[in-house]
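> just need the structure, nothing else, for what follows:
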Amino acid sequence: MIEREQRIEHYFHSWINKDKSVLRTIFSPNIVYSECYGPEYHGLDIILKWFDDWNTRGTVLTWTVKQFIHQGRMTVVEWYFQYEVDSEIADFDGVSLIEFNTENQIVSLKEFQSKAQHYDPYT
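This next block holds a predicted model:
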C-alpha cells in the first residue's frame, strides 16, 4: 500500500514540478484516465501529450492528499487541488478511484470533484 501511495504522490508532484519524467513508471502503457469534468485519455502517449499541452498554459499550485483508502487492487485518494490557468486561480476538492496492475502501475484513474468551499445551508 505504501508503494501505491508514493506513486500517487509522485504523480501529483509531477504536475506541480511540471516534470513528466516519472509518468512512464507510474502509468501502464494502456492507462485509461477520466478527468472530473469530462475528458478521457486512452494510453500513455496521449497522457504525455495532455500533460505537455496543459502545462503550456497552466500551473498546478497545490495538489495535496487528504487520505488514502485501499481495497484489493483499488486505491481511493481524497485530495485538494489548486491551479492557475490563463492568469486565473481556482481550486476544488476531489477524489480519484485508481486501479493498479500487478506491477503497481496505474491502469485506470477516474477523478471526481467537489467545490472546495463547503457551507451549511441551514445556518
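> could you pull out the strands in the chain for me?
27-34, 40-42, 58-71, 74-85, 88-100, 106-114 (DSSP state E).
> average pLDDT for the fifth one, rounded please.
Model confidence over strand 88-100 averages 97 on the pLDDT scale.
> by contact count, what packs against it?
In terms of contacts (3 or more C-beta pairs under 8 Å, 6 or more residues apart in numbering; DSSP states H and E), strand 88-100 is packed against helix 2-16, strand 58-71, strand 74-85, strand 106-114. C-beta: built from backbone N, CA, C; applies to glycine.
> ok, 10 Å please
In terms of contacts (3 or more C-beta pairs under 10 Å, 6 or more residues apart in numbering; DSSP states H and E), strand 88-100 is packed against helix 2-16, strand 27-34, strand 58-71, strand 74-85, strand 106-114.
> tell me the strands beside it, with direction?
strand 74-85 (antiparallel), strand 106-114 (antiparallel) (DSSP bridges).
> closest to Asp19 out of the strands of the chain?
Nearest of the strands of the chain to Asp19, taken as C-beta to C-beta: strand 58-71 at 11.2 Å.
> list the buried residues in the closest one.
Of all the residues in strand 58-71, those buried under the rule 16 or more other C-beta atoms under 10 Å are Val60, Trp63, Phe68.
> ok, these vs Cys36, which is closest?
When the buried residues of strand 58-71 are compared for distance to Cys36 (C-beta to C-beta), Trp63 wins out at 12.9 Å.
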